[in-house]
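*Asks:* Just a sequence and a predicted model for now, questions to come.
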Amino acid sequence: MRIRQILMAAFGSAALFTPALADDMASIDGHWISASPEAQGGIYATREFHIEGDRWSVVFLAFADEAASQPLFRINVTGAYVIGGLSATVEGAHEGIFPALQRDLTALSAAGVAMFAGMGCRVEKGVVKHLRDEGCGFLPPLMQAMGEYDLVALREDRLYFGDRSGDLTKTRPTALTPFPLVRE
């Protein structure tokens, strides 16, 4: 019941409380991981999603190197989701809404601490920073950006979400990310 109240306050729509998946979408329940480290604007990242029922969580790990041996930071996000009808702009993709109920950041190295310091945010190595009321660097606070409009597609047993280059708290992406997730 608490999730329903939070989502109603944030999005004001009872449509969020329909089943998590559109009728024509195959189940995305499961444990999904990056097929390989993903080049993301000067860093490399891996994503690990757990999706069950109408709940999701992701662990985003950022690295300084393509071999993923020099960790920078970790972002943990959890929430609920709803996948609606087919996208009008991306063939075979469905529109999704992914409200976040928790967003945390942890610097994993001195380089990660320095990276966020360069963006005006103070973090300590190994200490979780909860991003409820205050953001950090490129990460908005939960209270100002509770969720994202996204795209979701299953192609050849690989899960794709929308391209991350825009502000998904305001507008849905118009393309899928080139980085698939594989079911583990």
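*Replies:* Ah, there it is. Numbers count the residues shown, from 1 in each chain.
*Asks:* so after the lowest-mean-pLDDT helix or strand in the chain, what's the next helix or strand?
*Replies:* Counting by mean pLDDT, DSSP states H and E, the chain has its least confident helix or strand at helix 2-11, which shows a mean of 52. Using DSSP states H and E, the helix or strand that follows helix 2-11 in sequence is strand 30-34.
*Asks:* Check which residues of the helix or strand following that following strand are buried.
*Replies:* Downstream of strand 30-34, the first helix or strand assigned by DSSP H and E is strand 38-40. The neighbour-count check on strand 38-40 (16 or more other CB atoms under 10 Å) flags 38, 40 as buried. Yep, even glycine has a C-beta here, placed from its N, CA and C like the rest.
*Asks:* what's the offset of strand 38-40 from the middle of its chain?
*Replies:* 14 Å (CA atoms, centre = their mean, to the nearest Å).
*Asks:* Point out where the protein drops to low pLDDT.
*Replies:* Counting by pLDDT under 70, the chain shows low-confidence ranges at 1-24.
*Asks:* those strands in it, which residues are they?
*Replies:* Taking DSSP state E as the test, the strands found in the chain are 30-34, 38-40, 43-52, 55-63, 71-80, 82-86, 94-107, 128-130, 147-155, 158-161, 181-183.
*Asks:* so what does the longest one touch, helix or strand wise?
*Replies:* For strand 94-107, the contact count by 3 or more CB pairs under 8 Å, 6 or more residues apart in numbering; DSSP states H and E identifies helix 2-11, strand 71-80, strand 82-86, helix 110-117, strand 128-130, strand 147-155 as packing neighbours.
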